[in-house]
Every structure is written in structure tokens, then in C-alpha cells.
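# Fold the following.
(chains A, B, C and D)
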Number of protein chains: 2
Amino acid sequence: MKSELEIFRDYISERGLRRTPERERILQEIFAKHEHFDVEELYLRLRHKGVKVSKASIYRALRLFVDCGLVREVDYTDGHWHYEHIYGHGGHNHLRCLGCGEIVEFEMPGLSSLEEQLARTYGYRIINHHWEVKGYCRNCQSGRPGSADNG
Amino acid sequence: MKSELEIFRDYISERGLRRTPERERILQEIFAKHEHFDVEELYLRLRHKGVKVSKASIYRALRLFVDCGLVREVDYTDGHWHYEHIYGHGGHNHLRCLGCGEIVEFEMPGLSSLEEQLARTYGYRIINHHWEVKGYCRNCQSGRPGSADNG
DNA sequence: ATATTATTGCAATTTAATCTCAATAACGTA
DNA sequence: TACGTTATTGAGATTAAATTGCAATAATAT
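Numbers count the residues shown, from 1 in each chain, chains lettered A, B, ... in the order given. So this is what the prediction gives:
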């Protein structure tokens, strides 16, 4: 199995782009941690380690990572994008609490067969999926049932 | 079955807010059409009909509609949010083509039982869901297999 | 009718993301 | 290895979506 760096280098040369230390360093940092991230956080993590890259470069690099399937836009909350690296994972399923904002990742074995069925029905070649289920977690149910109150 | 206006009025009085013609006119306009919309488009549609509401009020109203479950944020593309009204629909499933951007809505009978199972496992009370499957439609498969090229 | 206060509209503000441009550096070629 | 081409970088300017402050207005309770 190729590493994410190899995937990215292949993508770079396919498209006639150039290998730069900035891009590869950003990619490395993204895959160094398993949690979701945003641009600000990624930028600070790099600065903290003494790596000097501009935010402009991070934004530009992220577009490439998303385009070659290494990174996914998770959601747009708090006025900006949140990302995650997805190489190796097939799809992503999130259970999100409307009360406290907690996000639980879950696996669902029956899902892939539903997707195959879907692909046949609509003639699609499926690349990935994202299933987001919203509701209230145990805590938020008992506390204030039926109310989100994010404001 | 309650109308969306009744739902909204109940929500308004529950929270001690006030009924205003602006909010109700915006809501009416949202439910007058069945396609997805964004703030700019909604604003122009209202202006075009001689309804005078500010964008600020639209932004403020949308937050209420989302909060009471009448409207959903579909996605954040082209640098801004896109919405849809969801009252009457349980959840929403989208098949999105990475090539041409086409969005197909589909129904999936087996899904609700999977969700019930999920709810039990994690102790969640589920409000709604959104399942987004990305891939390439028939056309985009034959044209340029494996390449999205949105730029 | 009157008092209270939520809501509106406008303009100013905020801030994520993009763009411009000069300097730099990656890559192909001699 | 040196050179020319041009993609990439970083800094700051710019763009535009969304929010906020504030005075005027209007909805609700009494």
C-alpha cells in the first residue's frame, strides 16, 4: 500500500506540478495527527515546530490534497472549514449531537451493500460517502430535551 | 399535519420571540419553490416581488428556520451556504457527481432500520440525517474517468 | 393607550479565503 | 554543472459572506 506521500507525488507528477518541501511538510503534518483540523490550527502547529509556511500556501496545498483524495472537507462550522485526512478509510460516518456538538465516528457494516445497490440503480461509480446523522446524545436529551440553543 | 407556518409560529411563541411579517414572508418564499437556494438568490426573489427585507433579516431568520428544523444547510460551496426546506421529509440522501456537480436525491428504504440500530447503540435521539455519496455519473465516467477537474 | 423590548434596516465590521506580484526555487535541457 | 523557463512561495491587498452596533420601528402585554 502506497504511503500518502507517494500518492501525492504521483499526483504531482501526473499533473506536471512541482515537488516542494512546503507542500510535503504540510502533508506530513496533516497525517501526523488523527483528529480533525482547520487551517488556523494547522498553521500554528507548523509554526510551533519552527516550520515556516504561509497560510496562503496551506490553503493552496489543501486544495490539492482534497483533489487527489487524501483529505476531505468535513464540515463548515464556526465560519470556516474543518478537514480530515481520509487515506485508508473508505467512507465516513458521523453521529453529531445538536446540543453539545460532540461528533462520534461509527462503522456500519450494512452500508456498503446499500451503496452498491445505489451505484447500480443510478449508474454511478462511487468514490466515497459521508453519512451524517444528527440528534441528541444521552446527556443533552436529559438536560434540555428538544432544544439545540446554539446562540 | 401542521403547515410550516404553524410550526414556525409555535416555535416563535415557545421561545418568547415575536411574529413579524418579514420572517413569515421569508419563510413563505422559501417554501414556494422546491429547489435549493442561497441568501443572495432568496433576497433577489423577494426584491423582485416587491418585498422589502434586508439581507441581515434573511440571515437572522434563516438561523431560526434551521433551529426549528424547517430548513437545512445543504452545503457550503462557491464561498457561501446553500439551503433547502426540509419539512415533511425525514432525512435527505444525495448522490453527487464529482465531475459535473449534478445532485440526485434518492430514497433508501433500508436506512431507517440502520438508524434505529445506531440510535440504540450510542444512546442518541435522532432528529434527521444526511447521507452524501460522491462519485461519477454515467456521463462523467465515460468522458474523463477518475478525474474531477474543478478548476 | 402606553410601556417594554424584540426586531428591522443600514452601515460598519469581522474574518475566511483568494488574489496580486515580486522574489525564489524546481525542473528540463544543454 | 550552468542556464532558462515557469511553477510556487510569502506578504500584503482584496474580496465577499456573515455578523454586529445602533437608532428607529413595531409587536406584545397590561
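
# Around chain B, pick out the residues from chain A.
A:63, A:67, A:76, A:81, A:95, A:97-98, A:104, A:106, A:108, A:110-111, A:114-115, A:118-119, A:121-138, A:141, A:145, A:148, A:150-151 (C-beta under 8 Å from any C-beta of the partner chain). Bear in mind the C-beta positions are built from the backbone N, C-alpha and C, glycine included.

# Give me the subset of those residues that lies in helices.
A:63, A:67, A:111, A:114-115, A:118-119, A:121-122, A:138, A:141 (DSSP state H).

# ok, and what's touching stretch A:2-16?
Contacts with stretch A:2-16, where a contact means C-beta atoms under 8 Å, 6 or more residues apart in numbering or on different chains, come from A:17-19, A:23-24, A:27-28, A:31, A:64-65, A:67-70, A:85, A:87.

# so what's A:His129 bridging to?
Beta-bridge pairing of A:His129, defined through DSSP bridges, involves B:Val133.

# swap in A:Thr77?
A:His80.

# ok, back up a step: out of the ones in helices among the residues of chain A next to chain B, the closest to DNA strand D would be?
Closest to DNA strand D out of those is A:Arg63 (10.2 Å), distances taken as C-beta to the nearest atom of the strand.

# Which positions within stretch A:64-80 qualify as buried?
A:64-68, A:70-72, A:74-75 (16 or more other C-beta atoms under 10 Å in any protein chain shown).

# hang on, the earlier thing: the ones in helices among the residues of chain A next to chain B into CSV, with extra columns for distance to B:Val53?
Listed next are those as CSV, based on distance: C-beta to C-beta, whole Å:
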residue, distance to B:Val53
A:Arg63, 36
A:Asp67, 39
A:Leu111, 42
A:Leu114, 42
A:Glu115, 42
A:Leu118, 40
A:Ala119, 43
A:Thr121, 42
A:Tyr122, 39
A:Arg138, 40
A:Gln141, 36
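
# Among those, which one lies nearest to A:Tyr43?
A:Tyr43 has its nearest neighbour among these in A:Arg63, at 15.4 Å by C-beta to C-beta.

# how close does the closest one get to A:Val71?
Counting by C-beta to C-beta, to the nearest Å, the gap from A:Arg63 to A:Val71 is 9 Å.

# just to revisit the earlier point, filter the contacts of stretch A:2-16 down to the ones in strands?
Using DSSP state E, A:His85 are the members of those that sit in strands.

# if we can go back for a sec, list, out of the buried residues of stretch A:64-80, those positioned next to DNA strand D.
Filtering the buried residues of stretch A:64-80 for proximity to DNA strand D by C-beta under 7 Å from any atom of the strand leaves nothing.
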